[in-house]
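Q: mind folding the following:
(3 chains)
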Amino acid sequence: MRSTSGHPGIDRVALLEVNDLRTAFHTRNGIVRAVDGVSFRIDRGETLGIVGESGSGKSVACLSLLGLVPQPPGRIAGGGAVLDGVDLLSCPKEVLRGIRGRRVAMIFQDPMTSLNPYMSVEEQLMEPLLIHHKINRAAAARMALQALQEVGVPEAAQRIRSYPHQFSGGMRQRVMIAMALIGKPDLLIADEPTTALDVTVQAQILDLIVQQQRQRGVAVIFISHDLSVVAGFCDRVMVMYAGRVVETADTRTIFREPKHPYTRALQRSRPAVQAKGVELCVIPGLPPDLSRPIPGCAFAPRCEFAVPDCGRAEMRLQDVGAGQASACLRVQRGELNLQ
Amino acid sequence: MLRLIARRILGTIPVLFVVATITFFMMKAVPGGPLDTEKNIPQEIKVQIEAFYGLDQPLWKQYASYMGNLLRGDLGPSFKHANRSVNELIAAALPVSLELGGLALCVALLVGIPLGVVAAIRQNTWIDYLASSSAMVGICMPTFVMGPLLVLVFALQFELFNASGWDFARDRVLPALTLGLVYAGYIARLTRGGMLEVLNQDFILTARAKGASEARVVFRHALQGGLLPVVSFLGPAIAGILTGSFVIETIFNIPGLGRHFVTSVFNRDATLTIGTALFYAALIVVLNLAADIAQVMLNPKQRVE
Amino acid sequence: MPEPAPASPTPPAADAVEPGRSLWQDAWARLRRNRMAVIGGVVLLALTVLSLFGPLFLAISYQEQDLGLGAAPPSATHLLGTDKLGRDQLARLLFGGRVSLLVGLAATGVSLTIGLLWGSIAGYAGGKVDAVMMRIVDILYALPFTIFVILLMTVFGRNFILLFVAIGAVEWLTMARIVRGQVLALKRQEFIEAAVALGLRKRRIILRHMIPNVLGPVMVYTTLTIPAVMMLEAFLSFLGLGIQPPMSSWGLLIKEGAEQMEEAPWLLVYPAAVFAATLFSLNFLGDGLRDALDVRASRD
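A: Numbering: from 1, shown residues only, chains lettered A, B, ... in the order given. Alright, predicted model coming up:
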């Protein structure tokens, strides 16, 4: 799938520009195309939300950027990802390792399992500094304490030598965030950071990420399956389905004028916006089997607006005006008005 | 933590008591004793010998006095080794067995752990198959097979070592290898399994995402958790090494505790048998406790209780 | 807003419904794929058949002595050589195989029976009974059994039946723990509650529902116990406390071979090789079974 840029003729040099990324997994049951031609860009200080259901490829795409996909059975089958002149997908391993944790940091969904249970929080906070900077342990320890305080962990000085299991879920995620930001990266990738947390804590963590983003001006890619979480926070949103991008736009536009049936269906299927007492509106059918080649639009089998052409024509992301791009054939042809 | 140790030590006393009692009555059930020689002994001397060993007393009295001596640390005189007490004999033999066991344990750990780590980080490659198969050989070769084979090759064929004896430093090599390589096999497998499990966990991904090198990931992050199965195996491993030393000391003619135990059983030397059996039991128990403590130290989650 | 058009034009790729596979079929398929386990099974089978039926085809019995010949290296008449009493090694090896395998199976049977009974009673009864039974297991676990077995064999003489009772008695503890763990886990599972709700009698529940599910780990552990037991028997025979001549077992043959290693290395090498091969096979088979039956480990 080829892409035309989601931003018409902007001269800014993007922080990260991803072009036609393809990642596949070679399994016993076939080759699963988890990421099938994904392109996007993100500028310095910008916040991009990537939304999609499980299996849409949103996590795998970001893991691919950092070379964190286990190489057998995974394989990056094509594409480029340029960060400040360096192509992450084809640079030497040492260069990529130098970028991880230093220029680009990543936090994950479950802070209980994502923190090393055998290392103290202090050690784990210090680690990015010790790996990437020539700094002595005392200085690193001081910075670790400061980082912990900045993310709002109370009594940080007493608790910094404790182990992860001695913290609550929300506190652990704060530790993760501190750990990711301590090296002052240019880009933070947050892979569903609030999904595993209690509802009450989710809001706090979101606020923390927003605050840190504003203070430091770090670019954030926020991955989520929940549109509403992304809505309050990101400048732009990218919707993915079956390993492909179906729509990108800035946040307000995508909510007010979705230009892809899937985006619209996602919005409408949120229980919170539906009238009570009426049958729940859901998207019928199941996501496709990614080990088989999918002709045409991947969403067509479940789409209420599909026509035979949808299953035949090559699916491309195309500008549809006002900084918005859609992969829907009918929207591109102007046949469909989703309002 | 200290309370845990104290409780465990107290718990071992009944075990030792049971061991002593069972061994005592078993040896009493066996025919033969200090009077079991070919020479014809005049009656007065027989009476004297019996009195010396307390054999003229009723059974319960013998038991009671033996237990009493035990509490004072006196294991009694040997039935067969004239004029030597069991305490003496054990004191002479113990350092030898400890040295053998210690060396074997070192071999087991120094060979087994690296083998397991290498197999895990190169999973499913030829390195892994080679390492895992080697480990399997160690597991499937009992000490009394490995020992004679090693002697056959290295002592008889290539004449690099003596086939038996304990006089020179060189003599340590074959026995320690024989005893240690078997357990190296088990430890290699456990290490491989433990490492594989840890390497699949989320926090390893986090470490990589922080830019840690593979070496750092393996040694700083994965190893501590990966070795947990090995540490819990240390208890049985030590027990196995100690009992395995019976055979090793017999094959290589090493003057250790194991050889005493085996020969005392055959010689019906009751006090020596009980003494050595007790000693082994106590040793196993103490070393098990040390292994448990090590396990707690390695796993922070267990420390905070 | 227009009414949504009914149904999608192309239904999602409808695969033919995969025939359901029971846990056992699944495990069997996985076991078959494990090359080492299959090799192990084949070798084991071959050795067992040879040991059971081989002696019937041999012209020479294992007891026949030829004192004039003494210890002779392998030749046409004596394929694996002879020992110092002129007895044919091949015959002794095969016969020893019978004995070793028999002792291995019998001792494992003993430990299996005791362990299974102890564990399931403790697990099913629960409460105080369970606590007491498992406490006994804990205490027994701490005792150095090998020492006791050695004493036992010395005290009560070299009785063949006593041998595998003694060996079996060493290994039942872990089996009991495994069985109890399984039973406990099963008790809590919903399908047992369903059976109870359906009004099935306790005995029926145990027989038809619990036991098949306990069987998996039990099978794995049994396959791994047999080599351990065989090693213990060989260990005892090596110390002179196990099988006595003129009967032979692999352990005994190894002992004799070790004693005459310098003059007659063939007496050591063949029994050692066969013994190791058997243990190899059993271990690979046991590992394969464990991997095949482990539902969690779907390494696709």
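Q: for the closest residue to chain B within the stretch 51-200 of chain A, what are its contacts?
A: Among all residues of the stretch 51-200 of chain A, A:G101 sits closest to chain B, at 3.6 Å; criterion: Cβ to the nearest Cβ. C-beta: built from backbone N, CA, C; applies to glycine. By Cβ atoms under 8 Å, 6 or more residues apart in numbering or on different chains, the residues touching A:G101 are A:P128, A:I131, A:H132, A:A180, A:G183, A:P185, B:A209, B:K210, B:G211, B:A212.
Q: low-confidence stretches in the stretch 101-250 of chain A?
A: The stretch 101-250 of chain A contains no residues with pLDDT under 70.
Q: contact residues of it facing chain B?
A: By Cβ under 8 Å from any Cβ of the partner chain, the residues of the stretch 101-250 of chain A that approach chain B are A:101-102, A:105-106, A:108, A:110, A:113-119, A:127-128, A:131-132, A:163, A:165-166, A:176, A:179.
Q: counting contacts, what elements does the biggest helix by length in chain B pack onto?
A: Across chain B, the longest stretch assigned as helix under DSSP state H is helix B:86-121. When contacts are defined as 3 or more Cβ pairs under 8 Å, 6 or more residues apart in numbering or on different chains; DSSP states H and E, helix B:86-121 sits against helix B:126-140, helix B:173-199, helix B:223-226, helix B:228-252, helix B:257-267, helix B:270-298.
Q: buried members of the residues of the stretch 101-250 of chain A next to chain B into PyMOL, please.
A: What follows is the PyMOL syntax for the buried subset of these, where burial is set by 16 or more other Cβ atoms under 10 Å in any protein chain shown:
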select buried, chain A and resi 101+102+105+106+108+110+113+114+115+116+117+118+119+127+128+131+132+163+176+179
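Q: wait, isn't C:A91 in contact with C:S51?
A: No. Taking contacts as Cβ atoms under 8 Å, C:A91 lies outside contact range of C:S51: 11.1 Å.
Q: the residue most central in space within chain A: which element?
A: Centroid-nearest residue in chain A: A:I223, 3.1 Å away (criterion: Cα atoms, centre = their mean). Using DSSP states H and E, the element containing A:I223 is strand A:219-224.
Q: can you check C:M231 too?
A: Taking DSSP H and E as the definition, C:M231 sits inside helix C:211-238.
Q: relative to helix B:228-252, how tilted is that helix?
A: 30 degrees (axes from the mean of the first three to the mean of the last three Cα atoms, to 10 degrees).
Q: which neighbouring elements make contact with helix C:211-238?
A: helix B:143-150, helix C:89-125, helix C:145-155, helix C:160-188, helix C:250-259, helix C:266-293.
Q: what's the spacing between that helix and its chain's center?
A: On the basis of Cα atoms, centre = their mean, to the nearest Å, helix C:211-238 sits 3 Å off its chain's mean C-alpha point.
Q: same thing with stretch B:185-205?
A: That offset, for stretch B:185-205, works out to 26 Å (Cα atoms, centre = their mean).
Q: and that stretch, anywhere near chain A?
A: Yes. Stretch B:185-205 lies within reach of chain A by Cβ under 8 Å from any Cβ, at B:Q201, B:D202, B:F203, B:L205.
Q: hey, C-alpha coordinates of that stretch in CSV?
A: Taking only C-alpha atoms (Å, rounded to 0.1, in the frame of the first residue of the first chain), the coordinates of stretch B:185-205 have been written out as CSV:
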residue,chain,number,x,y,z
GLY,B,185,24.1,-31.9,33.5
TYR,B,186,21.1,-31.3,35.8
ILE,B,187,22.2,-27.8,36.5
ALA,B,188,22.7,-27.0,32.8
ARG,B,189,19.2,-28.1,32.0
LEU,B,190,17.7,-26.2,34.9
THR,B,191,19.7,-23.1,34.0
ARG,B,192,18.5,-23.3,30.4
GLY,B,193,14.9,-23.7,31.4
GLY,B,194,15.1,-20.9,33.9
MET,B,195,16.8,-18.5,31.5
LEU,B,196,14.4,-19.3,28.7
GLU,B,197,11.5,-18.5,30.9
VAL,B,198,12.9,-15.3,32.2
LEU,B,199,14.0,-14.1,28.7
ASN,B,200,10.4,-14.3,27.6
GLN,B,201,9.2,-12.0,30.2
ASP,B,202,8.1,-8.4,29.7
PHE,B,203,10.8,-6.7,31.7
ILE,B,204,13.4,-8.1,29.3
LEU,B,205,11.7,-6.2,26.6
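Q: buried residues, it. List them.
A: B:185-196, B:198-199, B:201-205.
Q: quick check, B:G180 in contact with B:G101.
A: No. Shown here, B:G180 and B:G101 do not form a contact pair, counting by Cβ under 8 Å, at 9.6 Å.
Q: kindly report the residues of the stretch 201-300 of chain C close to chain B.
A: C:227, C:231, C:234-235, C:238-240, C:251, C:254-255, C:257-258, C:261-262, C:265, C:268-269, C:272, C:275-276, C:279-280, C:283-284.
Q: assign A:G80 to helix, strand or coil.
A: strand (DSSP: H, G, I helix; E, B strand; the rest coil).
Q: that one pairs with what?
A: Per DSSP bridges, the residues bridged to A:G80 are A:N19.
Q: report the contact partners of it.
A: Residues counted as contacts of A:G80 (Cβ under 8 Å, 6+ apart) are A:V18, A:N19, A:D20, A:L21, A:D87, A:L89, A:S90.
Q: repeat that with 7 Å
A: Counting by Cβ atoms under 7 Å, 6 or more residues apart in numbering or on different chains, A:G80 makes contact with A:N19, A:D87, A:L89.
Q: from those, keep the buried residues only.
A: A:N19, A:L89.
Q: tell me the one of the contacts of A:G80 nearest chain C?
A: A:L89 (26.4 Å).
Q: pretty sure the closest one sits against A:G79.
A: Yes. Assessed by Cβ atoms under 7 Å, A:L89 is found in contact with A:G79 at 6.3 Å.
Q: about what we covered before: between the contacts of A:G101, which is closest to B:A51?
A: B:A212 (74.5 Å; Cβ to Cβ).
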